[in-house]
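Visitor: All I have is the shape, not the residue letters:
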């Protein structure tokens, strides 16, 4: 009898707790399916799929990356104003992709010919060049831009 109760308990836990595991894999599959058309160069189809993913999973850990893919798909279609609006709308959720958001904002402005960069757009983010070549050179985040 204890054997049956134990298996009923294990089965119940799997049935009730398995929904979250399945949802996570469903979300991952949806993200992969949304990104795949971009990788095939199908910009319009990719933009549609990525927009749907972002609407369906706004709190996903993949949502910030999906926004970048969406903006790049819009950029590749020559929809610079739309790409800029997308990047600005979701910039607050960029998290550790904030540098890539700024990069693509610059790319969109460059592609559109809008090279008047208002400083307020980049407030709070600074990068200071330091060093030459080698392992220590390149860009580093800086609280204040100071001569190095």
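Guide: Perfect, I can see it now. Please read these numbers as outputs of a predicted model, since none were measured by experiment.

Visitor: Break down this structure into its strands, ranges please.
Guide: Along the chain, counting by DSSP state E, strands occupy 127-130, 138-141.

Visitor: Now do residue 78 against residue 25, distance only.
Guide: Going from residue 78 to residue 25 by Cβ to Cβ, to the nearest Å gives 36 Å. Backbone N, C-alpha and C define where each C-beta goes, glycine included.

Visitor: more crowded one of the two?
Guide: Neighbours were counted for residue 78 and for residue 25 using other Cβ atoms under 10 Å; residue 78 has more, 12 against 9.

Visitor: For the more buried one, give its distance to residue 59.
Guide: Counting by Cβ to Cβ, the separation of residue 78 from residue 59 is 31 Å.

Visitor: Nearest residue to residue 82 in space, please, no chain neighbours.
Guide: residue 74 (4.8 Å; Cβ to Cβ, 6 or more residues apart in numbering).

Visitor: what number of residues lie near residue 77?
Guide: What residue 77 shows, counting by other Cβ under 10 Å, is a neighbour count of 14.

Visitor: Now for it: which residues touch it?
Guide: Residues in contact with residue 77 (Cβ atoms under 8 Å, 6 or more residues apart in numbering) are 43-44, 47.
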